[in-house]
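Participant: Output the structure for:
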Amino acid sequence: MIPTRVEEIHDRLAAFFPAYTDQGSMTRLIYGNPEPDQEVGGTDRRQVENVKRALARCYAVDLPAQARLLRDQYSRGLPLHFYLSDGRVFVPFKLRELRVQGDASYGYVDLDQIQRLLPGQPARALLRSGTCLPVCSNIQTARLSMFFAMEIKSDLVPPPD
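Facilitator: Next up is the predicted model:
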């Protein structure tokens with residue numbers, strides 16, 4: 001995997017999630033290539049929550065304020081979705097099994113990049129690029145998370161210009 005910082009590819013990011021590498025726990029990035037329907041992968045050396053905060057800074061998004069809004073307006077708990085000013089909503093999915101207590105297990109996928117959720121053991125999130133990510137929770141939980149993202153997009157995210 002190519003070492004990448006989310007700030008370099010923020011506008012093309014399709015998904016990011018925790019991954020174990022030979023250098024320890026990092027964040028795997030999946031992002032679009034300038035060529036249509038192609039994607040590139042990389043790793044950011046930071047943990048998922050730090051990558052999420054860095055991504056939000058690229059769009060001047062106040063994540064704590066947004067989290068309060070989502071908790072209050074939708075009576076939601078953790079893990080919370082988040083959205084960016086460019087119209088993207090990121091859906092949290094459990095994309096890694098824990099190896100040790102306190103390990104990050106949730107990653108985020110851009111709602112518009114999800115082609116469909118596939119049942120099975122494990123369930124999988126099929127991206128428009130053809131990449132298939134294993135979802136480490138049951139299919140009903142994954143579908144509810146995706147449905148909630150559609151509600152957020154409909155209610156809170158302004159349409160692109």
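
Participant: can you pull out the helices in this protein?
Facilitator: 6-9, 48-58, 63-74, 139-155 (DSSP state H).

Participant: Make TSV out of those and add mean neighbour count, mean pLDDT and distance to residue 42.
Facilitator: Yep, even glycine has a C-beta here, placed from its N, CA and C like the rest. What follows is the helices of the chain, written out as TSV (neighbours: other CB atoms under 10 Å; pLDDT from 0 to 100; distance: least, CB to CB, whole Å):
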stretch	mean neighbour count	mean pLDDT	distance to residue 42
helix 6-9	16	93	7
helix 48-58	18	96	11
helix 63-74	13	94	22
helix 139-155	16	95	24
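
Participant: Same list, those, but as CSV with distance to residue 105 please.
Facilitator: Listed next are the helices of the chain as CSV, based on distance: least, CB to CB, whole Å:
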stretch, distance to residue 105
helix 6-9, 19
helix 48-58, 9
helix 63-74, 19
helix 139-155, 13
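
Participant: Among those, which comes closest to residue 24?
Facilitator: With CB to CB as the criterion, residue 24 lies closest to helix 48-58 of those, at 13.3 Å.

Participant: Any idea which residue is closest to the centre of this structure?
Facilitator: residue 108 (1.4 Å; CA atoms, centre = their mean).

Participant: Quick check: closest non-adjacent residue to residue 30.
Facilitator: residue 15 (4.4 Å; CB to CB, 6 or more residues apart in numbering).

Participant: Please apply the same query to residue 23.
Facilitator: residue 45 (7.7 Å).

Participant: wouldn't the one you found be in contact with residue 25 here?
Facilitator: No. Taking contacts as CB atoms under 8 Å, residue 45 lies outside contact range of residue 25: 9.7 Å.

Participant: Stretch 22-31: which residues count as buried?
Facilitator: 25-31 (16 or more other CB atoms under 10 Å).

Participant: separation between residue 92 and residue 40?
Facilitator: Using CB to CB, to the nearest Å, residue 92 is found at 23 Å from residue 40.
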